[in-house]
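S.K.: Only the shape, not the letters, is given here:
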Ligand SMILES: O=P(O)(O)OC[C@H]1O[C@](O)(COP(=O)(O)O)[C@@H](O)[C@@H]1O
Ligand SMILES: [Mg+2]
Ligand SMILES: [Mg+2]
């Protein structure tokens with residue numbers, strides 16, 4: 001473990017006065033200050049004023065909790081003090097125009113995993129940094145319709161037993177933890193490497209009957225364990241908090257799936273491309289993992305609207321690619337050893 005602070009890390013990233021990098025570093029500093037404020041409110045739990053009341057519905061129809069809106073206000077305010085042209089949030093229908101001359105556009109899920117707020121489970125904030133290209137004033141939402149490969153950086157804060165920042169600025173994925181002694185973030189891991197193989201999956205299995213055949217076949221094969229075609233036992237984890245599931249995968253590998261399914265409104269899954277899937281995919285790829293919409297690389301998707309959803313599969317690369325094969329080579333799914341009936345087939 002190293003003892004470099006986030007400040008030192010960002011200084012070395014900026015190097016000799018590159019102005020875009022300076023803007024990125026200043027923005028990360030502001031995001032980190034805002035996350036510390038939110039951490040204090042979360043620590044108060046039900047004793048705090050901003051906690052867990054419900055309001056109306058957000059742009060995507062979800063019930064908003066007071067803490068969602070509080071977090072959004074805090075991050076928006078922080079971005080007013082950063083070199084940011086546009087702020088787009090899960091909680092706002094349209095992006096907010098800030099400093100039109102600034103080089104960055106920030107897309108954010110201010111409070112991820114909010115169904116867990118009352119249950120004292122880890123929640124987080126996910127952010128994506130994009131170049132503020134085009135004419136931000138004319139059609140602000142259009143600025144965010146860039147493929148995830150354009151991201152300059154991405155990260156998330158996780159409000160868990162520790163307040164941690166998972167960050168990539170295009171050269172590895174680094175984890176910082178807030179030191180209560182120093183009052184600042186300290187680097188806990190220089191760069192994470194997600195192992196390419198895994199025997200641990202995360203999926204909301206209650207949706208089994210709504211999934212398409214390929215996802216069901218994949219899960220069936222995992223669940224058969226050492227007696228099935230995979231010839232090994234699997235373990236399951238599902239925290240229902242994307243940041244927490246991703247953090248675990250960055251620490252010890254694994255696979256996460258939120259596929260599309262047949263429920264009304266879930267044909268493209270639940271997660272939002274611009275401010276959830278893209279930043280998570282960026283972090284995962286920078287850690288040596290892979291991320292797809294079950295078939296296509298997430299970072300290559302061209303967003304069509306700010307709040308659009310996408311199916312998401314990410315984690316250990318061999319497993320991510322295996323799931324793609326269940327979708328793209330269905331004919332081979334039928335050709336299985338008699339021992340396993342008429343399904344499943346891909347050995348490790
Ligand atoms: O409740 P479900 O359908 O299992 O979905 C859980 C997923 O939804 C999310 O909570 C969506 O994020 P929000 O809380 O920001 O809407 C993810 O964190 C999590 O992975
Ligand atoms: Mg979310
Ligand atoms: Mg959210």
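M.R.: Ah, there it is. Predicted, not measured: the structure shown is a model, and the values here were computed from it. Ligands and ions are numbered 1, 2, ... in the order given.
S.K.: Secondary structure of residue 172: a helix, I assume?
M.R.: No: counting by DSSP: H, G, I helix; E, B strand; the rest coil, residue 172 is located in no helix; its state is coil.
S.K.: So it sits against residue 287, correct?
M.R.: Yes: in this structure, residue 172 is within contact of residue 287 by Cβ atoms under 8 Å, at 7.4 Å. C-betas here are computed from N, CA, C, even on glycine.
S.K.: Check the contact lists of those two and give me the overlap.
M.R.: Applying Cβ atoms under 8 Å, 6 or more residues apart in numbering, one finds that residue 172 and residue 287 are jointly contacted by 191-192.
S.K.: residues from the stretch 151-300 of the chain in reach of ligand 1?
M.R.: Taking Cβ under 6 Å from any ligand atom as the measure of proximity, the stretch 151-300 of the chain contacts ligand 1 at 204, 240-242, 270.
S.K.: what about the helices in this protein?
M.R.: Secondary structure of the chain (DSSP state H): helices at 6-14, 19-44, 66-80, 140-143, 213-223, 242-252, 278-286, 317-328, 330-334.
S.K.: Point out the most buried one among the ones you listed.
M.R.: Highest mean neighbour count among the helices of the chain (mean count of other Cβ atoms under 10 Å): helix 278-286, with a mean of 27.
S.K.: Just checking, which helix or strand of the protein averages the lowest pLDDT?
M.R.: Lowest on mean pLDDT, DSSP states H and E among the helices and strands of the chain sits strand 63-65, with a mean of 55.
S.K.: now this protein, which segments are flagged as low pLDDT?
M.R.: By pLDDT under 70, the weakly predicted segments of the chain are 1-3, 48-65, 135-137, 330-348.
S.K.: related to what we said a few turns ago, can you pick out the residue with more neighbours from residue 172 and residue 287?
M.R.: residue 287 (23 against 16; other Cβ atoms under 10 Å).
S.K.: Specify the beta-bridge partners of the residue of the stretch 51-200 of the chain found nearest ligand 2.
M.R.: Closest approach of the stretch 51-200 of the chain to ligand 2 (Cβ to the ion) occurs at residue 112, with a separation of 3.4 Å. With DSSP bridges applied, residue 112 shows beta-bridge pairing to residue 124.
S.K.: and what of residue 235?
M.R.: Taking DSSP bridges as the rule, residue 235 bridges to residue 200.
S.K.: burial measure for it, as a count.
M.R.: Residue 235 is flanked by 12 other residues according to other Cβ under 10 Å.
S.K.: From what I see, it and residue 198 are in contact.
M.R.: No: contact between residue 235 and residue 198 fails when scored by Cβ under 8 Å: they sit 9.2 Å apart.
S.K.: Skipping adjacent residues, who's closest to residue 116 in space?
M.R.: Closest residue to residue 116 apart from its sequence neighbours, by Cβ to Cβ, 6 or more residues apart in numbering: residue 241 at 5.1 Å.
S.K.: nearest to ligand 2, of the helices of the chain?
M.R.: That would be helix 242-252 among the helices of the chain, by Cβ to the ion, at 5.7 Å.
S.K.: returning to that earlier point: mind putting the helices of the chain into a markdown table with distance to ligand 2?
M.R.: Converted to a markdown table, the helices of the chain look like this (distance: least, Cβ to the ion, whole Å):
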| stretch | distance to ligand 2 |
| --- | --- |
| helix 6-14 | 23 |
| helix 19-44 | 14 |
| helix 66-80 | 9 |
| helix 140-143 | 19 |
| helix 213-223 | 21 |
| helix 242-252 | 6 |
| helix 278-286 | 10 |
| helix 317-328 | 20 |
| helix 330-334 | 31 |
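S.K.: As CSV, the ones you listed with distance to residue 158 would be great.
M.R.: Below are these laid out as CSV (distance: least, Cβ to Cβ, whole Å):
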stretch, distance to residue 158
helix 6-14, 15
helix 19-44, 9
helix 66-80, 13
helix 140-143, 27
helix 213-223, 26
helix 242-252, 5
helix 278-286, 12
helix 317-328, 22
helix 330-334, 37
